[in-house]
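Asks: Give me a 3D structure for the following:
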Amino acid sequence: MTVRTPSSHETTRAPAVVCTIPTWNEAGNILPLAREILALGPGFEVLVVDDNSPDGTWRLVAEALKDEPRLHLLHRLQDKGRGRSGRDGFVQALSMGARIVVEMDADFSHHPRYIPALVRRLNSDPSIGLVLGSRAVAGGSDADRGWLRRAITTCANAYIRVLLGVRVRDCNSGFRAWKRSTLEAIEVEKTSSPGPAIVQELLYKTARRKIGIAEVPIVFEDRKVGESTLTWRLLVQGYTTVLKLRWWGFIGRI
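Replies: Numbering: from 1, shown residues only. Reported below is the predicted structural model:
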């Protein structure tokens, strides 16, 4: 595991917002995405968390960060997986001093234009500790998806809401803005989900600690470059993990 070392011209000021982006074979997307995020303002930084992608995603980032002090790389060589990389990204962002951490996908399905709205909502109410980019509230939508995928998403959200008792509409959203205090309160470093179910695990932990959760509408668009890593096996595994999370909550493990 390697982490970007700040160069001598960088300041020691803690970043206002660190956007963590777990990546696997996103060479066609990652640099354009990072540029759009960094263009939002000087208070935004990007942390790419790459699991040694065969397509060289991490190499592109390692080269680009030489000229961009607000771009960072966490290059992971062991214990790979969406959940592990997400956890390590959060931990690293906190160690960088981030006041707000945004997590998002690398394929532009989570578009950077929504980040300011997520951050504004997070800062608008002291009781809110997590804001979701939501497809399921007024103004949000799931674009470019067939009826089957939309039906699966709707059913999955209902299943998660009932089983975990969370009062949000888009339980599967991986586009999220967190206050530092929330990630510390839920002990994000102890996250156990190895795969995409990290999304539900952290949502459940936040709800159980009665931290306010809000939703901001987004339009979710299918990727234009590259291939999705989400498979039916991972989907089924995620729903099984939700059952495990409910049990852990019942016995006080979460």
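
Asks: Low-confidence ranges, this protein, go.
Replies: By pLDDT under 70, the weakly predicted segments of the chain are 1-13, 144-147, 223-238.

Asks: At the geometric centre of it, which residue sits there?
Replies: residue 103 (2.7 Å; Cα atoms, centre = their mean).

Asks: Who are the contact partners of that one?
Replies: 19-22, 86, 89-90, 174-176, 178 (Cβ atoms under 8 Å, 6 or more residues apart in numbering). In short, each C-beta sits where N, CA and C put it, glycine included.

Asks: For it, which residues count as its bridge partners?
Replies: Beta-bridge partners of residue 103, counted by DSSP bridges, are residue 20, residue 176.

Asks: cool, residue 216 as well?
Replies: The residues listed as beta-bridge partners of residue 216 by DSSP bridges are residue 133.

Asks: mind listing what it touches?
Replies: 114, 117-118, 121, 131-134, 137.

Asks: Make TSV from those residues and add neighbour count and distance to residue 14 to it.
Replies: Converted to TSV, the contacts of residue 216 look like this (neighbours: other Cβ atoms under 10 Å; distance: Cβ to Cβ, whole Å):
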residue	neighbour count	distance to residue 14
114	19	24
117	15	23
118	26	19
121	16	21
131	28	20
132	27	25
133	26	24
134	23	28
137	16	32
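
Asks: of those residues, closest to residue 37?
Replies: residue 114 (11.1 Å; Cβ to Cβ).

Asks: pretty sure the closest one is in a helix, no?
Replies: Yes. Counting by DSSP: H, G, I helix; E, B strand; the rest coil, residue 114 is located in a helix.

Asks: What are the phi and psi values at the closest residue to it other than its chain neighbours?
Replies: Spatially, and ignoring its direct neighbours in sequence, residue 114 is nearest to residue 218 (4.8 Å; Cβ to Cβ, 6 or more residues apart in numbering). Dihedral pair for residue 218: phi -140, psi 160, per degrees, to the nearest 10.

Asks: Could you double-check that residue 218 sits in contact with residue 174?
Replies: No. Assessed by Cβ atoms under 8 Å, residue 218 is found out of contact with residue 174, at 11.3 Å.

Asks: circling back to that earlier point, residues touching the residue nearest to residue 114, list them.
Replies: Contacts of residue 218 by Cβ under 8 Å, 6+ apart are 110-111, 114, 133-135, 140, 175.
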